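# Sequence first, predicted coordinates after that:
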Amino acid sequence: MATRGARIGASRQLSYKSRANASPCGPCRLNRAMDDTPETGSDRYGPAAWGADLRRAAVWLTCLPLGTPAAGAEEARETPKSELPESAPPESAPPTSAPPTPVRAFRAFPLVGAALGLAAGAVYALADGFGLAPLAAGLIAVAFLAALGCARFERALAAVADGLGEAGVAARIQRLAADRLGAAGGLVLILSVALRAGALAAIAAPGAAAGALLGAAAASRGGIALLLYRGDSASAGAAPDDTAGDGADADPAAAPDRPSAETVTLAAILSALFALMFPGLVPGLLALVVGLAVLAAFAGLLRRRLGRIGRAGLGAVQQAVETAMLLAYAAAL
């Protein structure tokens, strides 16, 4: 009897296991849904997938207290770490950086950029409502937009400006890895802020300025996906101001693969919609053409001078595209 009872118990246990394998449990489905690679998953357009991607994109693009992307390190793809070159010692890395970004989340970059631009536009309208001059309101809006991102992209722009001023590729890479502001970087930062604030002052009207900020912020951040699709940065998951590994092919904790064509197409469509919808069709078309031209020209310059775009280059290109688009809006509005 005891032997027969043991056989029945074992049979029941196997039956339970087979049913569990045939119908995945809740945690199993959750783990698959939060994986960073479901580029072809059936639920990639669902609210949960878009919500997760928006949060991941916001963590990368801002310094808002959103924590780390869901599933944390378990969600990031493991990639081997390569050694840093002698010209870029590990201790030169900035103390903080954004967490790795799953590849699918790049489709949400224009959405987060649009939200950031809209917030900066609201700040501009508030300053204008208090009777400040358009230039002062523009400076406040640009400073607010930079503060939302912890000035990561501004730091990247300054680092690239300092690096490009050196003679020789090795010296440029070494300068990129140095976490200090040089004269060239400081001048470029001042020029960038002045041009963006001046463009907003030329637009003047709060509604039009908010639309221009929304379109430029969305499209310039969506352009990051275009650069990554070409494989221009092997360190896409790191913060744009994390320049220590720009001379080598990595040091992010988990650098994602380049985004798929579907992800990049979605990012491009959203970027174009935001650029065209709010400021207007004609100004939006002009701004898009100017922004694409600046993106291509600046990316080509970085490839020629540095051999690649790198992490800092992503932030620098974003800043250049955003500035150029605001100037185009100002010229057309």
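Nice, I can see it. On a predicted model such as this, the values are computed, not experimentally measured, just so you know.
# following the helix ranked longest in the chain, which helix or strand shows up next?
Taking residue count as the measure and DSSP state H as the definition, the longest helix of the chain comes out as helix 281-306. Read in the C-terminal direction, the helix or strand following helix 281-306 is helix 310-332, with elements assigned using DSSP states H and E.
# buried stuff in that following helix?
Neighbour-count burial for helix 310-332 flags 310-330, 332 (criterion: 16 or more other Cβ atoms under 10 Å). All C-beta atoms are positioned from the backbone trio N, CA, C, and that covers glycine.
# Using PDB, write down the CA coordinates of that helix.
The C-alpha coordinates for helix 310-332 follow below in PDB (Å, rounded to 0.1, in the frame of the first residue of the first chain):
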ATOM      1  CA  GLY A 310      30.600  57.800 -28.600                       C
ATOM      2  CA  ARG A 311      28.500  58.500 -25.600                       C
ATOM      3  CA  ALA A 312      29.500  62.200 -25.200                       C
ATOM      4  CA  GLY A 313      28.800  62.600 -29.000                       C
ATOM      5  CA  LEU A 314      25.200  61.600 -28.600                       C
ATOM      6  CA  GLY A 315      24.600  64.400 -26.100                       C
ATOM      7  CA  ALA A 316      26.600  66.900 -28.100                       C
ATOM      8  CA  VAL A 317      24.600  66.100 -31.300                       C
ATOM      9  CA  GLN A 318      21.300  66.400 -29.400                       C
ATOM     10  CA  GLN A 319      22.300  69.800 -28.200                       C
ATOM     11  CA  ALA A 320      23.300  71.000 -31.600                       C
ATOM     12  CA  VAL A 321      20.100  69.700 -33.200                       C
ATOM     13  CA  GLU A 322      17.900  71.300 -30.600                       C
ATOM     14  CA  THR A 323      19.700  74.700 -30.900                       C
ATOM     15  CA  ALA A 324      19.500  74.600 -34.700                       C
ATOM     16  CA  MET A 325      15.800  73.700 -34.700                       C
ATOM     17  CA  LEU A 326      14.900  76.500 -32.300                       C
ATOM     18  CA  LEU A 327      16.800  79.000 -34.500                       C
ATOM     19  CA  ALA A 328      14.800  77.600 -37.500                       C
ATOM     20  CA  TYR A 329      11.600  78.000 -35.700                       C
ATOM     21  CA  ALA A 330      12.500  81.600 -34.800                       C
ATOM     22  CA  ALA A 331      13.300  82.400 -38.400                       C
ATOM     23  CA  ALA A 332      10.000  81.000 -39.700                       C
END
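# what is the mean pLDDT for the longest helix of the chain?
Summarised as a single mean, pLDDT over helix 281-306 is 91.
# tell me which strands and helices that helix is in contact with?
With contacts defined as 3 or more Cβ pairs under 8 Å, 6 or more residues apart in numbering; DSSP states H and E, the secondary structure elements packing on helix 281-306 are helix 152-164, helix 169-177, helix 206-229, helix 261-277, helix 310-332.
# Tell me which of the ones you listed lies nearest to A105.
For the helices and strands packed on helix 281-306, proximity to A105 was assessed by Cβ to Cβ; helix 261-277 is nearest, at 8.6 Å.
# looking only at pLDDT, what's the mean for the host helix or strand of S192?
Following DSSP H and E, the helix or strand that holds S192 is helix 183-203. With pLDDT averaged residue by residue, helix 183-203 scores 94.
# ok, how many other residues are close to R305?
Close neighbours of R305, defined as other Cβ atoms under 10 Å, add up to 15.
# The nearest residue to it once chain neighbours are set aside: what's it in contact with?
Nearest non-adjacent residue to R305, counting by Cβ to Cβ, 6 or more residues apart in numbering: L164, 5.6 Å away. By Cβ atoms under 8 Å, 6 or more residues apart in numbering, L164 lies in contact with R172, A184, L301, R305, L306.
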